[in-house]
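In: quick one, structure for this:
(chains A and B)
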There are 2 protein chains.
Amino acid sequence: MSQPGSLFVSPLARLSLSRPLRLPPMRPLTVDSLNPAVRSVQYAVRGELAIKAEEHRVRLKENGADHGLPFDRVISSNIGNPQQKGLDQPPITFVRQVAALMEWPDLAKLAPQVFPKDVLARAKELHEETGSIGAYSHSQGVPFIRQNVARFISDRDGYPSNPNHIFLTTGASAGVSLLISMLISKPKKSGVLIPIPQYPLYTATLAQCSGAAIPYHLDEPAEWSTSVDEIRAAINKAVQDGIEPRALVIINPGNPTGALLNKETQAEVVKLCEEHSLVLLADEVYQSNLHRQATHPFTSFKKVVRDLNSPVPLVSFHSISKGVTGECGRRGGYFECTNLSDDVIAMMYKMVSVTLCPPLQGQIGVDCLVRPPKQGEESYPLWKEETDRIHKALAERTATMSARLNKLPGVSCVDSPGALYLYPRIEIPEKAIAAAKAAGKEPDAFYALALLDATGICVVPGSGFGQKEGEYHYRLTCLCPGVDEYVGKLEKFHLEFTKQYS
Amino acid sequence: MSQPGSLFVSPLARLSLSRPLRLPPMRPLTVDSLNPAVRSVQYAVRGELAIKAEEHRVRLKENGADHGLPFDRVISSNIGNPQQKGLDQPPITFVRQVAALMEWPDLAKLAPQVFPKDVLARAKELHEETGSIGAYSHSQGVPFIRQNVARFISDRDGYPSNPNHIFLTTGASAGVSLLISMLISKPKKSGVLIPIPQYPLYTATLAQCSGAAIPYHLDEPAEWSTSVDEIRAAINKAVQDGIEPRALVIINPGNPTGALLNKETQAEVVKLCEEHSLVLLADEVYQSNLHRQATHPFTSFKKVVRDLNSPVPLVSFHSISKGVTGECGRRGGYFECTNLSDDVIAMMYKMVSVTLCPPLQGQIGVDCLVRPPKQGEESYPLWKEETDRIHKALAERTATMSARLNKLPGVSCVDSPGALYLYPRIEIPEKAIAAAKAAGKEPDAFYALALLDATGICVVPGSGFGQKEGEYHYRLTCLCPGVDEYVGKLEKFHLEFTKQYS
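Out: Predicted coordinates for the structure are as follows:
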């Protein structure tokens, strides 16, 4: 390779000199050249509004009293993130004590006096079964923890659960993405039935997989109930459009609606899946967020499928991010497969093995979720007090907020019996709709941006979840403390906005 | 809906009675009906061998002395998982102390005496910046931690790094998958250049995205070096086949080869990417696993790109799973974008926001990786001792193992200067090849299965990483303690296998 005269030229310089000058210049990497499926993904929960809220937050932090904004703090009501700064939901002490001992097992010897005895025993048992939480686990999750999940499920439903059919996941979202990516077998020609309004993970994942979202509407006047006739009509329309429905998503309790299905409707849904050979994807991450259990209890789809002795393939998702645990940052969850064949499960195992394993502290969180302290154990009283307080605060806030929003002119709001959200419907004046169009925005996004700029409250416009043509909503969480001040700001803004554009 | 006479029939039973009997029975969910791209994914690191090893492990555990296997324990040399049971790499104490305080901040008040002062200060600072580790963070990762990563990079390379161009990830794998999924714009018609042998994450992700893997061979006789001519030939062939190369993957230090690129080759690679408008994906997760730094130092591609003042779009990956941290189970890592436009980065942000955020304990692990204790701090001596010991053990084991494997007839093994692996080449006798074919297996998989059954040592056959036609290899980790016994078993098996099939 070396040539006379080039011996003392450094290799880098030589390369630079020998660069062919006739080549066209490098084409830059542009958005237009990226995967069109990726480009088409939309996810409103962390979209334009969340980005603007972050900008406001930085401005407040960096400019002290001179921030020039009409509020002193940003209230993130856009995302179900109970432990975020500014909200009042502390972690459950039991979970964190177990987690700390898993991080540094020497603490059991160095400072045993600060831990309840059952926590020490629990961490020791988990450590023996799991090993170091710095090691990859089995790709489906630690077998011992999956056994505990199976026991939790069978205690809940009264039917057996198989640990080998359970996958621990990086939050429920990772499981949902996996399932949808597996089921979309013909891009643009196979689809998944999703409720409208929906949690936008579903449309985002379908867009990424080039699958069709087949919408079915929930019934707002009937407390956002699910109608099998509506789903059937959606299936018929999809088939007419040349799209094969592969699966049906049910979110129960609902997100963003907070609605709960009754057992009769659940049975009809299962039968419908059977008729149409659909995989039932049951998003049940809010199963323990129940505000009026007497009238609106939760029944798992696993129980309904077994009650009916149905062969419907069912995948049920749960998470540690919601409920009263609220451990979003650990990224833990699981799904259980019912009526799925061993070779389909083997295919799932292959896919999760590429991503190695879910985070171990997420798995530990799942274990704490499915094995809380029992009455008589040292941790129990504090655990009971903490979890009761969170349940109570959420139920009270939801009731207060929906009652007050309902009293506002041009606002109607179903009083959610479950989950963490309200999804009020708002009337937007014609002049505001025109102003929104002029600004190139959806009317409800225009409303939500104005709300953010005026109050610091960040919500997600209904257009991010889906709604009927000409209707407008927004989703807000019921996690914020100081309900009076919070709803007061919403009320004041709504009245002023309506007046401004009347 | 209610009919005469049916008033006392339960709604479930009524539904069951009214089920239309004329419908065809439900089609079960079969593997054949799943996404063909998913079906085509292969991932050998946790494939047949790993599953069989797990079966042996269960058999040993459940059957006591009556297990009937010719070994007493399974040695998982198939995966770079330093903290797994049976290996001797303990976690770094500093990392775990910080993590425990993040899990349960009250420990700083309840048991301050067990923590070094710098650890208490570090955890306090991180807690103030991050908030609860049970909350979702910014989707790109905690801004403060990204600032620390940027400082680590600029200290390493001597060039500035922008925290807004850094994404914290769920291990490096999640970042690699994201990039590949974004770059494959035309299924089956756009591709990514990957080294052979490669880490199978690349082919698995490409299969999932229906992208083409464009292989270029590394040069085994020249210590597995990378040849730009070889890459250029692969590009030309791909273009002739109607495939557009979008990106080039370089794994440096190599996996499975352990090879290190020299700066001159790196510069040639960058120039080649410039000529062909390729995005350079630099997998640098083993950057601190260097066994012979004097002759085989590590230079980041970020530095080379900046040295050359090149406009090549570069994405560089790092991880807490490897190095001396070995915190695989936390699932932490990051990637840095260089020369990528703001709108492409905004598209990445949108995609990561769908998965909400990387696990917080993974992010804390990244912070500990990029901000280890400094000389003079209370934690420093123990941290130094622990990290030195791991570096030394790994370098010694790699040298011993490669020397002894090289002495075996029919085995040649490049003495890896980096990473955690050896990738010996083995000659497999004709009779064994015939026996493998009869069993429907690749010859090296046949060899590896026989090794597992005879010794309990689980390795990954070369066919899982790629190799030239007619050549056979396997990858094994250099993480196992008791090198004498371990290599002794490999030697004994190889000689017996060769004899058996001669």
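In: which residues in the stretch 251-400 of chain A form strands?
Out: Taking DSSP state E, counting those that start in this stretch as the test, the strands found in the stretch 251-400 of chain A are A:279-283, A:314-319, A:333-338.
In: ok, which of those comes nearest chain B?
Out: Nearest to chain B among the strands of the stretch 251-400 of chain A is strand A:279-283 (5.9 Å), distances taken as C-beta to the nearest C-beta. In this view, the C-beta of every residue, glycine as well, is placed from N, C-alpha and C.
In: pull the residues that contact the closest one.
Out: A:172, A:176, A:179-180, A:183, A:192, A:199, A:246-252, A:255, A:269-270, A:273, A:300-302, A:305, A:312-317, B:29 (C-beta atoms under 8 Å, 6 or more residues apart in numbering or on different chains).
In: got the residues of the stretch 351-500 of chain A near chain B?
Out: A:351, A:353, A:354, A:355, A:356, A:357, A:358, A:359, A:360, A:361, A:362 (C-beta under 8 Å from any C-beta of the partner chain).
In: the third one: how many residues sit nearby?
Out: Okay, so that is residue A:354. 21 (other C-beta atoms under 10 Å in any protein chain shown).
In: gap between it and residue B:201?
Out: 6 Å (C-beta to C-beta, to the nearest Å).
In: what is in contact with those two at once?
Out: Common neighbours of residue A:354 and residue B:201 (C-beta under 8 Å, 6+ apart) are B:43, B:173.
In: domain parsing of chain A, as residue ranges.
Out: Following automatic domain parsing, one gets these domains for chain A: A:44-88+A:384-500, A:136-370.
In: same question for the last one, mean pLDDT?
Out: In other words, domain A:136-370. Per-region confidence: domain A:136-370 scores 96 on mean pLDDT.
In: and it, end to end?
Out: Using C-alpha to C-alpha, to the nearest Å, one end of domain A:136-370 lies 22 Å from the other.
In: also the first one?
Out: The first and final residues of domain A:44-88+A:384-500 sit 26 Å from each other (C-alpha to C-alpha).
In: and the domains of chain A as a markdown table, adding distance to residue B:242?
Out: Putting those into a markdown table (distance: least, C-beta to C-beta, whole Å) gives the following:
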| stretch | distance to residue B:242 |
| --- | --- |
| domain A:44-88+A:384-500 | 37 |
| domain A:136-370 | 20 |
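In: tell me which of these is the most buried.
Out: Among those, domain A:136-370 has the highest mean neighbour count (mean count of other C-beta atoms under 10 Å in any protein chain shown), at a mean of 22.
In: distance of the residue nearest to residue A:144 when sequence neighbours are not counted relative to residue A:360?
Out: Distance criterion C-beta to C-beta, 6 or more residues apart in numbering or on different chains; nearest residue to residue A:144, sequence neighbours excluded, is residue A:129 at 3.8 Å. Applying C-beta to C-beta, the value for residue A:129 to residue A:360 is 12 Å.
In: spell out the residue ranges of the strands in chain A.
Out: A:75-76, A:166-169, A:190-196, A:212-217, A:244-251, A:279-283, A:314-319, A:333-338, A:411-412, A:421-422, A:425-426, A:457-458, A:460-461, A:474-477 (DSSP state E).
In: close to chain B, is stretch A:254-273?
Out: Yes. Contact of stretch A:254-273 with chain B (C-beta under 8 Å from any C-beta) involves A:263, A:264, A:267, A:268, A:271.
In: a markdown table for those residues, including distance to residue A:388?
Out: Listed next are those as a markdown table, based on distance: C-beta to C-beta, whole Å:
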| residue | distance to residue A:388 |
| --- | --- |
| A:263 | 27 |
| A:264 | 31 |
| A:267 | 32 |
| A:268 | 35 |
| A:271 | 38 |
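In: sort out which of those residues are in helices and list them.
Out: Those of those mapping onto helices are A:263, A:264, A:267, A:268, A:271, per DSSP state H.
In: so the third one is in contact with residue A:308, correct?
Out: Yes. Checked against C-beta atoms under 8 Å, the pair residue A:267 and residue A:308 is within contact range at 6.0 Å.
In: from residue A:500, how far out is residue A:327?
Out: Note on residue A:327: its distance to residue A:500, by C-beta to C-beta, is 41 Å.
In: which residues of the stretch 201-350 of chain A lie near chain B?
Out: Within the stretch 201-350 of chain A, the residues that sit near chain B (C-beta under 8 Å from any C-beta) are A:201, A:204-205, A:208-209, A:263-264, A:267-268, A:271, A:274-275, A:277, A:279, A:307-308, A:311-313, A:321, A:326-331, A:340-341, A:343-344, A:347, A:350.
In: need the residues touching each of residue A:129 and residue A:360.
Out: With C-beta under 8 Å, 6+ apart, residue A:129 and residue A:360 have common neighbours residue A:142.
In: quick one: the helices in the stretch 401-502 of chain A?
Out: For the stretch 401-502 of chain A, the helices defined by DSSP state H, counting those that start in this stretch cover A:430-438, A:443-455, A:483-500.
In: relative to helix A:443-455, how tilted is the last one?
Out: Going by axes from the mean of the first three to the mean of the last three C-alpha atoms, to 10 degrees, helix A:483-500 is angled at 120 degrees with respect to helix A:443-455.
In: what's helix A:483-500 packed up against?
Out: With contacts defined as 3 or more C-beta pairs under 8 Å, 6 or more residues apart in numbering or on different chains; DSSP states H and E, the packing partners of helix A:483-500 are helix A:380-407, helix A:443-455, strand A:457-458.
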